[in-house]
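Asker: Sequence plus the predicted model coming up.
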Amino acid sequence: IAMPDAADAKPQRSTDEPSPAASLVLGGLAGSLAELVTLPALVVRTRMQVQGADPTGRQYANFLVALRTIAREEGAAAFYKGAGWNIALTPVARGLYIGGLEAAQRTLGQGTPARDFASGTAAQLVSSLAYVPRDVVLERCAIDGQLSSQRGSAASTLHALRSILSLEGLSGLYRAFVPHQVVWIPFNGMFFVALGQCKAAEEAAGIEQGYAVGVANTFVSAAIAAAATNPIDVIKTRMQVAGANPALLGNAGAFDVAARLLRTEGPRAFFAGLVGRFMYAGPGFALWLPTYDLLKRVWASRASQSA
């Protein structure tokens, strides 16, 4: 029987590595921890991306002013209005992301920009089934009380879900599904390309890949991708929260939202919330993926000891 060439053989999973099901759990756990830490930055980023649509609503000069003002006027709880929904869906979304990523990497390989981009794209598409409804509810909770008027209440997860489902139906939870992909597929592609290049440069320089190095690499890669995709993220966010006040925020497609932004607020509007997005994506990915790798190493160590 002819044996396959090494180049044709598919990579096999080590017996010490977690199973696909365990990877979903570990990835979801690490992602949930990162999400809870960075949720205040998400709230600020969302409010700053939306504030230009309503000059009579709450306004913030910059990221730090927004943090202080929200904490002083609304209390720390304002940063965690959607925490219940976040806790429920983030493990699912992050777990699906890890599962899609590792399945793509096993199938396509990794280490080249094209393969890394393709793996990031696959991870994003799979995880969007949970990410989009999670983001819609979180962002509606984030702007609760910011606009001069809004439909329904988003004072908590349950209030937001009740308002969305009663006024918009189930489709309201999947607002801006396509723009979501237009934001996050390039983000993930750029992120994994940058991360792969960082690792390659460090390996060539003899730098060991430890937890701290992984955090730094992931932070830089996520920050670059966040800055590059912020303009379409503003459009996506406006579309996802439009149900709160369709007359004010518009209820049309992405091109109409972009044209309205340019006409009424100018080119600077596409960079609204940039610091908040930087502080959400950078630390979020930096805590999530290296922590997941750390959990996998712990898993492998325990598996080898029990073997």
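Answerer: Perfect, I can see it now. Since we're looking at a predicted model, the values are computed, not measured. Numbers count the residues shown, from 1 in each chain.
Asker: okay, CA-based contacts and neighbour counts for the rest of this
Answerer: OK.
Asker: Can you tell me the number of residues neighbouring the residue lying closest to Ala272 once chain neighbours are set aside?
Answerer: The shortest distance from Ala272 to any non-neighbouring residue, by Cα to Cα, 6 or more residues apart in numbering, is to Gln49 (4.9 Å). Neighbour count for Gln49, taken as other Cα atoms under 10 Å: 25.
Asker: and if you look at Phe255?
Answerer: 10.
Asker: Averaged pLDDT, the helix or strand hosting the residue nearest to Ala272. What do you get?
Answerer: Assigned by DSSP states H and E, Gln49 falls within helix 20-50. Mean per-residue pLDDT for helix 20-50: 88.
Asker: tell me how far that helix is from the chain's mean position?
Answerer: Relative to the centre of its chain, helix 20-50 is centred 7 Å away, using Cα atoms, centre = their mean, to the nearest Å.
Asker: That helix: what's the following helix or strand?
Answerer: helix 63-74.
Asker: ok now whichever helix or strand comes after that following helix, how far from the chain's centre?
Answerer: The element immediately downstream of helix 63-74 (helix or strand, assigned by DSSP H and E) is helix 83-108. Its chain's C-alpha centre and that of helix 83-108 lie 11 Å apart, by Cα atoms, centre = their mean.
Asker: Who are the packing partners of the one helix or strand Ala201 maps to?
Answerer: Using DSSP H and E, Ala201 maps to helix 177-204. In terms of contacts (3 or more Cα pairs under 8 Å, 6 or more residues apart in numbering; DSSP states H and E), helix 177-204 is packed against helix 113-142, helix 211-240.
Asker: now the angle from the last one to helix 113-142?
Answerer: If I follow you right, that is helix 211-240. Angle, helix 211-240 to helix 113-142, by axes from the mean of the first three to the mean of the last three Cα atoms, to 10 degrees: 60 degrees.
Asker: List the buried residues of helix 211-240.
Answerer: Within helix 211-240, the residues scored as buried using 16 or more other Cα atoms under 10 Å are 211, 213-240.
Asker: And the first one, by the same measure?
Answerer: For helix 113-142, the buried set under the neighbour-count rule, 16+ other Cα under 10 Å, comprises 113, 115-128, 130-142.
Asker: mind checking the SS state of Ala155?
Answerer: coil (DSSP: H, G, I helix; E, B strand; the rest coil).
Asker: Provide a list of residues in contact with it.
Answerer: Contact partners of Ala155, counting by Cα atoms under 8 Å, 6 or more residues apart in numbering, are 81, 141, 144.
Asker: okay, now the closest residue to the second one other than its chain neighbours: neighbour count?
Answerer: Of all residues beyond its chain neighbours, the one nearest Cys141 is Ala154 (4.8 Å), with distances taken as Cα to Cα, 6+ apart. By the measure other Cα under 10 Å, the count of residues near Ala154 is 26.
Asker: Touching, Ala154 and Asp144? I think so.
Answerer: Yes: under the criterion of Cα atoms under 8 Å, Ala154 makes contact with Asp144 at 5.4 Å.
Asker: For Leu89, give me the pLDDT.
Answerer: Confidence score, pLDDT, at Leu89: 90.
Asker: show me what contacts it?
Answerer: 130-131, 134.
Asker: mind listing what's buried in stretch 141-154?
Answerer: 141-147, 150, 152-154.
Asker: Can I get these in TSV including pLDDT and distance to Gly28?
Answerer: Converted to TSV, these look like this (pLDDT from 0 to 100; distance: Cα to Cα, whole Å):
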residue	pLDDT	distance to Gly28
Cys141	95	22
Ala142	95	22
Ile143	95	26
Asp144	93	27
Gly145	88	31
Gln146	93	31
Leu147	92	33
Gln150	92	33
Gly152	92	31
Ser153	92	29
Ala154	93	25
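Asker: Read off the pLDDT value for Ala9.
Answerer: Here the pLDDT value assigned to Ala9 is 41.
Asker: make that Gly120, sorry
Answerer: Note for Gly120: predicted pLDDT of 84.
Asker: so who does it touch?
Answerer: 101, 185, 188-189, 191-192.
Asker: do Arg263 as well
Answerer: Arg263 neighbours (Cα under 8 Å, 6+ apart): none.
Asker: Please find the angle between the direction vectors of the helix or strand harbouring it and helix 177-204.
Answerer: Here Arg263, judged by DSSP H and E, is contained in helix 254-264. Here the directions of helix 254-264 and helix 177-204 differ by 90 degrees (the same axes, to 10 degrees).
Asker: Could I get the buried residue list for the next helix or strand after helix 254-264?
Answerer: Next along the chain after helix 254-264, taking DSSP H and E as the criterion, comes helix 274-306. For helix 274-306, a neighbour-count test (16+ other Cα under 10 Å) marks 274-296, 299-300 as buried.
Asker: Low-confidence stretches in the protein?
Answerer: Applying pLDDT under 70 to the chain flags the ranges 1-16, 251, 307.
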